[in-house]
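> Predicted model and sequence below, questions to follow.
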Amino acid sequence: MPLIREAIVVTTGPDGRPHLAPLGLIERPDALVLAPFRPSTTLANLERHPFACACYTDDVRVFAGCVTGKKRDWPTVAAARVAGFRLASCLAHEELEVVAVEADALRPRFCCRVVHAATHAPFLGFNRARFAVIEAAILFSRRHLLPAAEIADGFARLRVLVDKTAGEAEREAWRWLEEAWAQAVAV
Ligand SMILES: Cc1cc2nc3c(=O)[nH]c(=O)nc-3n(C[C@H](O)[C@H](O)[C@H](O)COP(=O)(O)O)c2cc1C
């Protein structure tokens, strides 16, 4: 299995505005591959405008905010080499051009070449609460596919890491996910 990096992928909508979504980037020797599910805004945007920025951030509120809808309007700035945007506050980003599409009814693969890469801030080490937020955000984003008990168990296990190792940003991200999950099960 290839390495997958979790990033905030910024695509451009038909109105020319940035669209942010957490996505896994699949590392291949010759390409970075985006695999958005159908239907999704990211997929529609890539089909129309085959450029994106992969933004690497340690602010996990961006992941939790996007999947829960609690906050999507994170500041962006213009990309350097492609027509598009990147997250303003990120440790690093890569600007991508789609060079091939592997068709699939459910999850096409957009194979990208890196047009430009830049580093903006230092990486200051791993944190278990951030990992927990990313995992919970993935569980939440698959709530229509997974049994509710599996998601609830996952949240219970991950909450321990947040209690032990979170800072204020991680606690806020966790709160958004807990609230959104409570709302989803109440419906
Ligand atoms: C860490 C993380 C990784 C994700 N990776 C993918 C992915 O590779 N493909 C995908 O379709 N959705 C992925 N998701 C879910 C999307 O972010 C979510 O479904 C989002 O709504 C995309 O839809 P949109 O483009 O319509 O906003 C991921 C979510 C998280 C939290």
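Looks like it came in fine.

> so what are the domain limits for this structure?
The chain resolves into domains spanning 4-119, 128-186 when parsed by automatic domain parsing.

> can you put the ones you listed in a markdown table and add mean pLDDT?
Shown next, in a markdown table, are the domains of the chain (pLDDT from 0 to 100):
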| stretch | mean pLDDT |
| --- | --- |
| domain 4-119 | 98 |
| domain 128-186 | 97 |
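
> Apart from its chain neighbours, what residue comes closest to the residue nearest to the spatial centre of the chain?
Against the mean C-alpha coordinate of the chain, by C-alpha atoms, centre = their mean, the closest residue is Pro22 at 1.2 Å. Distances taken as C-beta to C-beta, 6 or more residues apart in numbering place Phe63 nearest to Pro22, at 4.7 Å, with adjacent residues excluded. All C-beta atoms are positioned from the backbone trio N, CA, C, and that covers glycine.

> what secondary structure does the one you found sit in?
Secondary structure assignment for Phe63 (DSSP: H, G, I helix; E, B strand; the rest coil): helix.

> Surely it touches Ala137?
Yes: the criterion here is C-beta atoms under 8 Å, and Phe63 meets it with Ala137 at 4.6 Å.

> anything in contact with each of the two?
Pro22, Ala173 (C-beta atoms under 8 Å, 6 or more residues apart in numbering).

> Just the buried positions in the helix or strand that contains Cys55, please.
If you go by DSSP states H and E, Cys55 is part of strand 51-56. By 16 or more other C-beta atoms under 10 Å, the buried positions in strand 51-56 come out as Phe51, Ala52, Cys53, Ala54, Cys55, Tyr56.

> If we check the ligand, which of those are in contact?
Near the ligand, judged by C-beta under 6 Å from any ligand atom, there are no entries from these.
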